[in-house]
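In: my questions are about this predicted structure, shown below with the sequence.
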Amino acid sequence: MTPLKNILKRELTIDGQPYVVTLSADSLKLTAKGKRKGLEIQWRELVSGEAALSAALNASIGALVRETSGNRTSPRKRKG
């Protein structure tokens, strides 16, 4: 096997939405393309099997899906 020494980024599409998966030696991160914030899971947390991780992951995924589903507010009109 080749060790993961550098950051590896790949684009993928989920339900028609583009995302970026970033793999590092410490974590896995899933971010909506063009955004900075996303879901990040430390490898240590993933392999430990913590029950709370599953609940937190599901809640985070729900938040990310809501963010990318088009629930954006429209720009305000200037008063003039």
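Out: Looks like it came in fine. Numbers count the residues shown, from 1 in each chain.

In: was I right about K33 contacting V21?
Out: No: K33 lies out of contact with V21 (Cβ atoms under 8 Å); the separation is 10.5 Å. From N, CA and C alone the C-beta is placed, and that goes for glycine too.

In: mutual contacts of those two, please.
Out: Any residue near both K33 and V21 by Cβ atoms under 8 Å, 6 or more residues apart in numbering counts here, and that gives E11.

In: give me the neighbour count for the nearest residue to L8 once chain neighbours are set aside.
Out: Spatial nearest neighbour of L8, chain neighbours left out: L23 (4.5 Å); criterion: Cβ to Cβ, 6 or more residues apart in numbering. Neighbour count of L23, defined by other Cβ atoms under 10 Å: 15.

In: ok, now Y19?
Out: 19.

In: where does it land in three-state SS?
Out: What DSSP: H, G, I helix; E, B strand; the rest coil gives for Y19 is strand.

In: which residue ranges of this protein form helices?
Out: 43-48, 51-68 (DSSP state H).

In: elements contacting the first one?
Out: This points to helix 43-48. strand 27-32 (3 or more Cβ pairs under 8 Å, 6 or more residues apart in numbering; DSSP states H and E).

In: partner strands of the strand it packs on, parallel or antiparallel?
Out: strand 17-23 (antiparallel), strand 38-42 (antiparallel) (DSSP bridges).
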